[in-house]
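Trainee: dropping the sequence and predicted coords here.
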Amino acid sequence: MTTKVAVVGATGRLGQLVSRIVRESDEFELVAELDSRTPLSDMLDADIAVDVTVPGVSQKVVDFAVSNGISVLVGTSGWSSERITSLQSRIADNLEIGVVIIPNFSVGSVLATTFAALAARFFDSIEIVETHHASKVDSPSGTAVRTAELMGAARVKHGPVVAPHTDQRARGQQVASIPIHSLRMQGVVARQDVHFGGTGELLTLSHETLAPTSYEAGILLGLRAARTARGVTVGLDKLIDLTSGLPR
Ligand SMILES: NC(=O)C1=CN([C@@H]2O[C@H](COP(=O)(O)OP(=O)(O)OC[C@H]3O[C@@H](n4cnc5c(N)ncnc54)[C@H](OP(=O)(O)O)[C@@H]3O)[C@@H](O)[C@H]2O)C=CC1
Ligand SMILES: O=C(O)C1=N[C@H](C(=O)O)C[C@H](O)C1
């Protein structure tokens, strides 16, 4: 039996890609495509709603879906750890549905974030530079926020990073004490560089998305996870066994 999917944000860049993947899959059936003019009730026939809208709308979409017993796959940015904690407590008693939040569907990006969290314990000087296409409306990127939060969590015993002069605007926006610098440039899809400064050495972990096709494998994994997940799951790394690679 196929799983019925509604895509919210279907006219957008990511939404069009998700709709195509669902349409081309034997496992899923596309039952609704919503945009800013569509009532959210159009998703009510679906088993899973995919939210790929804008940070200011995403929470409303998720709330509507879960209160109607529909599981959600969230690709939209803006899901900070605070927002996630509040969602977790809201759906803790609901054993029927799950919300899978994937800040970045690209396998390379999630590996880069995992490596950054590993390196974070070894360097006290850390900054992120994230670069996205000029049409991106939000900053810092969801990926950068997630990367900073995971590095911060990895550094609990080490304390905040050393980031001087953060009272100056050009020193970036701090998340978990780590400055994030956002560039919005024509000619770019998405790129993130995490810079680590140590004693007599620099380490830079870079990931670049060259085309949205890099999101395809992660979107399919996210859709499959949303069928069975309960509670809140965050990050593509939770859906992949990092020791054995992608399922084939
Ligand atoms: N997790 C990941 O790997 C990735 C995440 N993203 C994130 O996904 C999100 C979408 O990105 P992108 O596709 O580039 O954005 P777009 O601006 O291209 O698309 C936004 C979509 O949201 C819709 N929308 C806006 N307001 C509402 C509303 N009130 N109700 C329903 N739908 C609404 C728009 O509809 P309309 O056409 O009517 O305005 C449009 O379909 C962003 O947060 C981005 O950061 C992007 C790429 C990868
Ligand atoms: O808006 C985008 O394009 C992207 N948004 C996500 C983010 O904010 O991290 C994921 C990816 O970087 C592309």
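Mentor: Cool, the structure landed. Ligands and ions are numbered 1, 2, ... in the order given.
Trainee: what does stretch 169-188 rub up against?
Mentor: The contact list for stretch 169-188 (Cβ atoms under 8 Å, 6 or more residues apart in numbering) reads 126-134, 136, 139-141, 144-145, 148-149, 151-153, 155, 160-161, 163, 165-166. In this view, the C-beta of every residue, glycine as well, is placed from N, C-alpha and C.
Trainee: tell me if I'm right that residue 119 and residue 197 touch.
Mentor: No: Residue 119 lies out of contact with residue 197 (Cβ atoms under 8 Å); the separation is 11.3 Å.
Trainee: which residues touch the residue nearest to the spatial centre of the chain?
Mentor: Centre of the chain computed as the mean C-alpha position; nearest residue by Cα atoms, centre = their mean is residue 103, 0.5 Å away. Residues counted as contacts of residue 103 (Cβ under 8 Å, 6+ apart) are 77, 79, 142-143, 145-146, 234-235.
Trainee: what does residue 146 give?
Mentor: By Cβ under 8 Å, 6+ apart, the contact set of residue 146 is 103-104, 113, 234-235.
Trainee: which of those residues come close to ligand 1?
Mentor: 103-104 (Cβ under 6 Å from any ligand atom).
Trainee: which parts of this protein are helices?
Mentor: 13-24, 55-67, 81-91, 107-119, 142-154, 216-228 (DSSP state H).
Trainee: need the ones you listed in TSV with distance to residue 43 and mean pLDDT, can you?
Mentor: TSV is the format used below for the helices of the chain (distance: least, Cβ to Cβ, whole Å; pLDDT from 0 to 100):
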stretch	distance to residue 43	mean pLDDT
helix 13-24	13	98
helix 55-67	7	97
helix 81-91	17	94
helix 107-119	27	97
helix 142-154	22	98
helix 216-228	13	97
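Trainee: most tightly surrounded among these?
Mentor: The highest mean neighbour count among the helices of the chain, using mean count of other Cβ atoms under 10 Å, belongs to helix 142-154: a mean of 23.
Trainee: what angle do that one and helix 81-91 make?
Mentor: Relative orientation of helix 142-154 and helix 81-91, computed by axes from the mean of the first three to the mean of the last three Cα atoms, to 10 degrees: 90 degrees.
Trainee: can you pull the contacts of residue 64?
Mentor: By Cβ under 8 Å, 6+ apart, the contact list for residue 64 reads 40, 43.
Trainee: all set, thanks.
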